[in-house]
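All I have is the shape, not the residue letters:
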């Protein structure tokens, strides 16, 4: 696998990552803008850029084996970071290394983000249980890490619930899930996200967009900003 991979928007250096994230993951980019301090925002950008690279693996690969190789490449990056040695010169890998060395999220959490993507290599439609596990492993784990970055004392389970809700909202219309059961799961996780501290709230602010995404509303930049601002001011999604 070529270590000089770039993302689908052509980002080739760390300075491009934020602009790339804004284009490819506007929900979480916008949410990250509410984090206090440039270092925290930079750390969230690194985390979300990593997760987006993992999400691209199944979509960009020509077959499941190639996708699995892409995911294995990122697992090697995590090993390099954990070893404390040199990290391959990929902008996301370098940004991720800086985030990990500063905030030290558990390696099991980062590995879990890769593990969660393996289900996407299976062409079978997800069942509701599989979809919920996928949402917990992807958006939920990201939010758990993001909350630890922003406030190590915040409730990580509440953050994971908020992140899972965001992922469920994005999945409902594409996975053939039973609308009633999926909506109930979404509502349950939004309610469980209420324990997130004010400092860590930007880790889940994007969950305020989950219901709109689940209903298939076309994203509106202004509308999304207003929803997130209201959520941040109220401290709840």
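Sure, I can see it. Treat the numbers as computed from the prediction; the structure is a model and nothing was measured.

What is the least confident helix or strand in the protein?
In the chain, no helix or strand scores lower on mean pLDDT, DSSP states H and E than helix 210-214, which sits at a mean of 84.

Next SSE downstream of it?
Per DSSP states H and E, the first helix or strand lying C-terminal to helix 210-214 is helix 221-234.

Just the buried residues of that following helix, please?
Residues of helix 221-234 classed as buried: 224, 227, 228, 231, 232 (neighbour count, 16 or more other Cβ atoms under 10 Å). (C-beta placed from N, C-alpha, C; glycine too.)

where does the protein dip in pLDDT?
Residue ranges of the chain with pLDDT under 70: 1-15, 173-178.

Quick check: longest helix in it by residues?
helix 38-60 (DSSP state H).

Against which helices or strands is it packed?
helix 17-24, helix 26-32, helix 64-83, helix 91-103, helix 107-117, helix 141-150 (3 or more Cβ pairs under 8 Å, 6 or more residues apart in numbering; DSSP states H and E).

element containing the residue of the chain positioned farthest from its centre, please.
Outermost residue of the chain with respect to the C-alpha centroid, by Cα atoms, centre = their mean, is residue 85; its distance is 25.9 Å. Following DSSP H and E, there is no helix or strand that holds residue 85.

hang on, the earlier thing: now tabulate the helices and strands packed on helix 38-60 in TSV and tack on mean neighbour count and distance to residue 189.
Listed next are the helices and strands packed on helix 38-60 as TSV, based on neighbours: other Cβ atoms under 10 Å; distance: least, Cβ to Cβ, whole Å:
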stretch	mean neighbour count	distance to residue 189
helix 17-24	19	24
helix 26-32	23	16
helix 64-83	16	26
helix 91-103	20	24
helix 107-117	18	16
helix 141-150	28	11
